[in-house]
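Colleague: model this:
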Amino acid sequence: MYPNTISSAAARAFYDRLGGRHDNAEWYEGRAKRRGLALLDLKPAHRILNLGSGTGKEHRLIQTAVGPLGMAVGVDLAPVMLALAQKRTGAPLIRADARRMPLIDGVFDRVYSTYLLDLLPLDDLPIVLNQIRHVLRPGGRAVLVSLTEGETALSRAVISAWKLAFQVDPILCGGCRPLELAPLAVAAGFTVITREFVAQAGMPSEVIVLEA
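Modeller: Residues are numbered from 1 along each chain as shown. Next comes the predicted model:
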């Protein structure tokens, strides 16, 4: 469906150039990210992986929630994003590809990932979902946020325009396109606890909660 999805190298270069301006995406991502954080149901001493930690804005909130007895680890592929997150949080950060994470199975209570899977080629999504499932402890929770198809007249119009821009050049959309993650998650062995549709400025996102 999206044959011109951008490569990992192109995505890394784009987000390195974008740098701190990535926080400006809050105008259409912020509401879904905040809802995802709430659905993580974080507790003190939880161990959490933030996959695609970006500039570290949400990671700082995660650190506060899990407290000094918890562990908040960020993973990102873009060096500039990691540098920004390190400056903002001082947290342990790993530069790695989501498809090949150097992490031990069953370590984390929670995985949080926003607007990362909608950047990756469709064929790679089962690989990443399996990586997420393996790093979670049994019964652990993953909360994933991505662009999705519209469910209202406005959101359908906005995402249609977005998809047209993507077909012209994916980099115009930061490489991201709408997904429907629940069927992929079930195929990867997750139980879908809930899926919520969140729209902001007409841009449709989905927030799904998965149990390993």
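Colleague: for the rest of this, base every contact and every neighbour count on C-alpha atoms.
Modeller: Fine.
Colleague: check which residues of the top strand by length along the chain are buried.
Modeller: Using DSSP state E, we find that the single longest strand of the chain is strand 136-147. Residues of strand 136-147 classed as buried: 136-137, 140-147 (neighbour count, 16 or more other Cα atoms under 10 Å).
Colleague: could you do stretch 148-155 as well?
Modeller: So stretch 148-155, judged by 16+ other Cα under 10 Å, has buried residues 148-150, 155.
Colleague: how long is that stretch end to end?
Modeller: Terminal residues of stretch 148-155 are spaced 10 Å apart (Cα to Cα, to the nearest Å).
Colleague: A78 versus the residue nearest the centre of the chain, what's the distance?
Modeller: The centroid of the chain falls nearest to T114 when counting by Cα atoms, centre = their mean (2.2 Å). To A78, T114 is 15 Å away according to Cα to Cα.
Colleague: how about V111?
Modeller: Taking Cα to Cα, one finds V111 at 19 Å from A78.
Colleague: can you pull the contacts of G189?
Modeller: By Cα atoms under 8 Å, 6 or more residues apart in numbering, the residues touching G189 are 130, 133, 212.
Colleague: make that I159, sorry
Modeller: Here I159 is in contact with 149-150, 178, 203-204 (Cα under 8 Å, 6+ apart).
Colleague: G106: which of the residues you listed is nearest?
Modeller: P178 (29.5 Å; Cα to Cα).
Colleague: please report phi then psi for the residue lying closest to that closest one once chain neighbours are set aside.
Modeller: Counting by Cα to Cα, 6 or more residues apart in numbering, P178 lies nearest to T148, which is 4.0 Å off, once chain neighbours are set aside. T148 adopts backbone torsions of phi -140, psi -180, taken as degrees, to the nearest 10.
Colleague: ok, the residue nearest to the residue nearest to the centre of the chain when sequence neighbours are not counted to A83 distance?
Modeller: Nearest residue to T114, sequence neighbours excluded (Cα to Cα, 6+ apart): V145, at 4.5 Å. Counting by Cα to Cα, the gap from V145 to A83 is 23 Å.
Colleague: could you pull out the strands in this protein for me?
Modeller: Along the chain, the stretches classed as strands by DSSP E are 47-51, 71-76, 93-95, 108-114, 136-147, 191-200, 203-211.
Colleague: can I get the ones you listed in TSV with distance to S160?
Modeller: Formatted as TSV, the strands of the chain follow (distance: least, Cα to Cα, whole Å):
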stretch	distance to S160
strand 47-51	27
strand 71-76	29
strand 93-95	33
strand 108-114	21
strand 136-147	12
strand 191-200	14
strand 203-211	10
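Colleague: compare these and give me the one nearest G174.
Modeller: Among the strands of the chain, the nearest to G174 by Cα to Cα is strand 136-147 (11.8 Å).
Colleague: compute the inter-axis angle for the closest one and strand 108-114.
Modeller: 10 degrees (axes from the mean of the first three to the mean of the last three Cα atoms, to 10 degrees).
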